[in-house]
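# What follows is a predicted structure for the sequence shown.
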Amino acid sequence: MNFDFKNSCKLDGQLMKIKLCFLIVFACHFGTFSQDTESLWLHPNAGQWHENIIYKAELNMGEMYLEKNGFLFNLSNEKTVTHNLSHKDNDHSSEDTIGKIHAIRAEFLESSWANKQEFSGKSSFYRNYFLGEESKWRSQLYSYHVVNMLDFYPGIDLNYEGMNRGLKYSFIVKPGQNPNVIQTKYTGTQLYLDDDGNLHIPTSFGDIIEEKPIAWTIHNNRRKEIKIAFILENNIVSYALPNGYNTSDTLIIDPTLVFSSFTGAGSDNWGFTAAPDLATNVFGAGIVFGPNYPITAGAFDATYNNTGGFNSGVDVAITKFNANGNAL
């Protein structure tokens with residue numbers, strides 16, 4: 001996630017975008033800015049951070065803050081700048097040594113959440129925070145995989161779930177409730193929809209792409225797919241259900257959010273080359289400075305082998321992405 005590959009090449013006469021990305025499952029799926037190769041943790045705010053923050057998820061290129069009425073991405077290239085400035089052979093006049101910060105807020109308009117929540121998947125570890133004045137110090141705070149914000153809208157729950165290399169959120173619309181109340185206003189960027197119905201969220205470090213949503217109803221534990229699409233007007237996102245649905249059933253609204261142009265882990269990692277194969281998969285290669293680079297089952301070497309200091313050697317990483325660039 002420290003590099004931005006948005007290159008193009010021709011393969012068998014077709015234009016293929018090389019997009020090194022890492023899936024962030026939001027139901028909306030969040031691809032990984034995550035520092036954990038197995039799952040993303042939601043760290044609760046017990047007074048150690050600003051009062052607006054309910055939970056924080058740590059990203060390789062910043063943080064994601066879950067707030068009472070939405071979420072905030074605080075993105076920066078601090079790690080890239082720090083790494084480049086530490087190398088005396090670098091040209092320190094290049095853009096790679098200029099710090100950038102980009103904050104994007106998603107606000108769920110007119111949400112009614114009253115701090116009622118359920119959480120599960122408690123971590124085996126806890127954190128201690130010694131930040132600022134002593135009154136803000138907190139100790140033995142456990143983290144969670146799942147947080148369910150009950151009645152985020154009347155009769156509609158908002159569920160966040162840390163998953164394998166990602167974070168998923170879903171709206172759960174209970175029988176008889178109106179999904180049209182769900183509206184999300186973005187600030188800090190200018191959204192647009194592509195021809196496939198995907199939502200693009202431009203940032204200074206590449207586009208975040210929220211894929212065309214899916215939806216289904218549940219009745220007697222049986223699932224039925226429902227046609228759904230984004231509506232975008234004045235940077236406000238809502239959902240169209242052109243064929244309607246049986247409002248006596250529970251409705252799940254589930255888009256997928258992909259952070260294109262980002263891949264990697266909590267430790268520093270640097271990309272140097274990328275190439276497609278004949279099946280339009282993409283291979284990326286680079287170096288890794290820590291143990292948290294994402295791997296899959298059957299990887300040639302699943303451990304970080306550099307046990308010395310910064311200059312004593314690094315691991316080489318070769319990563320294969322699928323043709324859509326959203327999975328390893």
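Ah, there it is.

# For the helix or strand that Tyr142 is a member of, buried residues please.
Per DSSP states H and E, Tyr142 falls inside strand 138-153. Buried residues in strand 138-153, defined by neighbour count with 16 or more other CB atoms under 10 Å: Arg138, Leu141, Ser143, Tyr144, His145, Val146, Val147, Asn148, Met149, Asp151, Phe152, Tyr153. No exception for glycine: its C-beta is placed from N, CA and C like everyone else's.

# Toward the C-terminus, what is the element adjacent to the helix or strand where His200 lies?
Assigned by DSSP H and E, His200 falls within strand 199-201. Following strand 199-201 in sequence order, the next helix or strand is strand 208-219 (DSSP H and E).

# Check which residues of whatever helix or strand comes next after that following strand are buried.
Next in sequence after strand 208-219, counting helices and strands by DSSP H and E, comes strand 222-226. Neighbour-count burial for strand 222-226 flags Ile226 (criterion: 16+ other CB under 10 Å).

# Sheet-wise, list the partners of strand 222-226 with their directions.
Applying DSSP bridges, strand 222-226 is found paired with strand 208-219 (antiparallel).

# tell me the mean pLDDT for the strand it pairs with?
Per-residue pLDDT values over strand 208-219 give a mean of 88.

# Can you show me the CA trace of that strand as PDB?
Coordinates of each C-alpha in strand 208-219 appear next as PDB, following Å, rounded to 0.1, in the frame of the first residue of the first chain:
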ATOM      1  CA  ILE A 208     -11.000   4.000  -3.600                       C
ATOM      2  CA  ILE A 209     -13.600   2.000  -5.600                       C
ATOM      3  CA  GLU A 210     -16.900   1.000  -4.100                       C
ATOM      4  CA  GLU A 211     -18.100  -1.800  -6.300                       C
ATOM      5  CA  LYS A 212     -21.700  -2.000  -7.500                       C
ATOM      6  CA  PRO A 213     -23.600  -3.200  -4.400                       C
ATOM      7  CA  ILE A 214     -25.400  -6.400  -3.900                       C
ATOM      8  CA  ALA A 215     -28.500  -7.000  -1.700                       C
ATOM      9  CA  TRP A 216     -30.600  -9.900  -0.600                       C
ATOM     10  CA  THR A 217     -33.500 -10.700   1.700                       C
ATOM     11  CA  ILE A 218     -33.700 -13.400   4.300                       C
ATOM     12  CA  HIS A 219     -36.900 -15.200   5.100                       C
END
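
# tell me which residues of it are tucked away?
Ile208, Ile209, Glu210, Glu211, Pro213, Ala215, Trp216, Thr217.

# just the residues you listed now: which is nearest Ile228?
Ranked by distance to Ile228 (CB to CB), the buried residues of strand 208-219 are led by Ala215 at 4.1 Å.

# Return the distance of that closest one relative to Glu225.
Going from Ala215 to Glu225 by CB to CB, to the nearest Å gives 7 Å.
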